[in-house]
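Chemist: what follows is a predicted structure for the sequence shown.
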Amino acid sequence: MNNMSAPDVSVIVGAYEAMPYLIRCLESVEAQTLGAHRIELIAVDDGSTDGTGEYLEEFAARSAVPTRVVRQANSGGPSGPRNVGMGMARGRYVFFLDADDYFADDALANMVAMGDRAGTDVVLGKVEGVNRGAPKSMWRRTADRVDVYDSQIIFTLSAQKLFRRDLIERLGLRFDEELRTGEDALFTMEAYIRGSGVSVFADRTCYYLVGRDDGKHVTKSGDYTHRFDSARAMLALIHDLVPAGPKRDRLLVRPFTVGLIQQFGPRIMKESAEIRRHKLELAAPLMAAYWSPEVARRIKVAERLRLECVALGRLDLLDDILKYIRAGKEPEVVLRGRGRTPHLAYPHFGDRRAAIPDSAYEVTIRDWVGKPGGRSIEPPRLIRQRRSLTRRLARGVRTWVRGTR
C-alpha cells in the first residue's frame, strides 16, 4: 500500500466484541459512492473474543477497499485503537467509524465535497439514531461554515465526523487514553476551537448511530467518577484555549449541561448518602473554578437551579427542586422590576434562608413553563429584539412596494 497514492479518506474502525454489528458497518464502507480507490480502511481489533478479528481479516482479504487490520490486546476503551489508526492514516481526511454504526451510501462523497469546497477542517454529517436517540438541534440547515461560539455544534462532540488530517498532525491531536468516557468530546472540542472552521451537511442522513441490544455499548459503561473526570477535562480545556468573556461562557454551557448536571438528576435521590456526598465533593472544585453568573444566565431556569444547589453544596435544596420537577408541577411566572422581567417560582423562590439568589430564577433565555415544548416564555430582551426585527422587515416591505409602483 505504501506505493499507492494517498486516499481521500482514512476510515478508522476500532472494534471490540463488535459482531454481528461489524458486518453492516463494513458493508457500508464498501458501498460508498466515493469509490473504493479513494478510501482506505484501518481496522483495529481491541482484543475481541467473538470473532471480530477473524472477520476483519477475512474482509481485508476480499474487499476492493484497501484495508489494514491490527490485532492487539484489549486497551480498555476506544481511545487506544483510534490513536493507533491515526498513526497509520494516509488520507487527506480521517473519519472515525464505530463498529456498531454504519454510513449512508453517499456519506463520504458529500462530506469530502463540502470540506473541499469550504476549506474547513471538520465536517459534520447529519446523524440519525437507530434504536437510540441522536442529536438533532444542529441539523436544521446545511452550512459551509458555522461559528462554534454561536451554533449548536457544541452539542455534538462524538468522534464520528470528518477531520482534515493536516489539522490532526499540526495540533498533535490524540484521544486521551486516561479518560474512560468523554475522550471523543475532548478531541472534537479542541478541533472545533483550534481548527480552521466547521461545516455542517444536513441535507440527508450521513451516519446511522446504532443502539446495541446486548447492553455492551461503550457509552453505557463506567461509574460516575469517570463522568466527573470527563467534565473536569472539558472545563479545563475550554478555560485554557478560550480567553475569558462571552465566547468562553458560551462553550462552558456544554460541560455543565451535558455531563455534570446528569450526576445531579432524580437518580441521586435514590443513591446512598456516601455517594451523594462524594458527588458533591467531586463537583465542588469544578463549580468554584468555572461556574459564574455569566455562564448561569445562558442556561434554562430548571437546570440552572440544580447547578446553583450544587454550587452551594445544598443537596437538601436540590432534593426539593427535583421532587417538584418530577411531580410535573408548573412554576408560577412572577414579573419583577420595572422591566417586568419574568421569574419562574420554583421551590425556595424568595426564601432568603435558602441562599439561592433571585437571579437564579430569572428567565434569561427562551424557556418553558412545565415540560419542554409546553408554554414558551422569553425574557423582555428577546421580545424587544423580535419586535424590532418585525418592524424593520415591515418597513423594508413597504419601501419595496412603494418602489415598484
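Modeler: Ah, there it is. The structure displayed is predicted, hence computed values, not measured ones.
Chemist: and the helices in the stretch 51-200 of the chain, which stretches?
Modeler: Taking DSSP state H, counting those that start in this stretch as the test, the helices found in the stretch 51-200 of the chain are 52-62, 79-88, 107-118, 165-171, 183-194.
Chemist: most tightly packed of these?
Modeler: helix 183-194 (a mean of 22; mean count of other Cβ atoms under 10 Å). Placement of C-beta: from N, CA and C, glycine included.
Chemist: which residues sit against that helix?
Modeler: If you take Cβ atoms under 8 Å, 6 or more residues apart in numbering as the criterion, helix 183-194 is touched by 77-79, 96, 121-122, 148, 153-154, 157-159, 161, 163, 167-168, 171, 173-177, 179, 198, 230, 233-234, 237-238, 241-242, 251, 254.
Chemist: Y102 and A89, how far apart?
Modeler: Between Y102 and A89 the distance is 20 Å, computed by Cβ to Cβ, to the nearest Å.
Chemist: for E294, that is, sorry about that
Modeler: In terms of Cβ to Cβ, E294 sits 40 Å off from A89.
Chemist: pick out whichever of these two has more residues nearby.
Modeler: A89 (24 against 14; other Cβ atoms under 10 Å).
Chemist: not counting sequence-adjacent ones, nearest residue to the residue sitting nearest the centre point of the chain?
Modeler: Centroid-nearest residue in the chain, with Cα atoms, centre = their mean: T156, separated by 2.7 Å. Closest residue in space to T156, ignoring its immediate chain neighbours: P135 at 4.4 Å, by Cβ to Cβ, 6 or more residues apart in numbering.
Chemist: thought the residue nearest to the centre of the chain was touching G125?
Modeler: No. Contact criterion Cβ atoms under 8 Å: T156 and G125 do not qualify, at 10.5 Å.
Chemist: can you name the residues that contact the residue nearest to the centre of the chain?
Modeler: For T156, the contacting residues are 124, 127, 135, 138, by Cβ under 8 Å, 6+ apart.
Chemist: look up which residues are beta-bridged to the second one.
Modeler: Pointing back at V127 there. Y207 (DSSP bridges).
Chemist: for it, grab the count of nearby residues.
Modeler: 21.
Chemist: ok, it to S5 distance?
Modeler: 30 Å.
Chemist: low-confidence stretches in the stretch 301-405 of the chain?
Modeler: For the stretch 301-405 of the chain, applying pLDDT under 70 flags the ranges 370-373, 381-405.
Chemist: where do the helices sit along it?
Modeler: 301-312, 315-326, 380-404.
Chemist: show me this protein divided up by domain.
Modeler: 9-218, 223-384 (automatic domain parsing).
Chemist: just those: most buried one?
Modeler: Counting by mean count of other Cβ under 10 Å, the most buried of the domains of the chain turns out to be domain 9-218, with a mean of 19.
Chemist: any idea of the mean pLDDT for that domain?
Modeler: The average pLDDT for domain 9-218 rounds to 96.
Chemist: how far does it sit from the chain's center?
Modeler: 14 Å (Cα atoms, centre = their mean, to the nearest Å).
Chemist: bridged to Y102, which residues?
Modeler: Counting by DSSP bridges, the residues bridging with Y102 are Y208.
Chemist: tell me how far it lies from V29.
Modeler: Taken as Cβ to Cβ, the span from Y102 to V29 is 8 Å.
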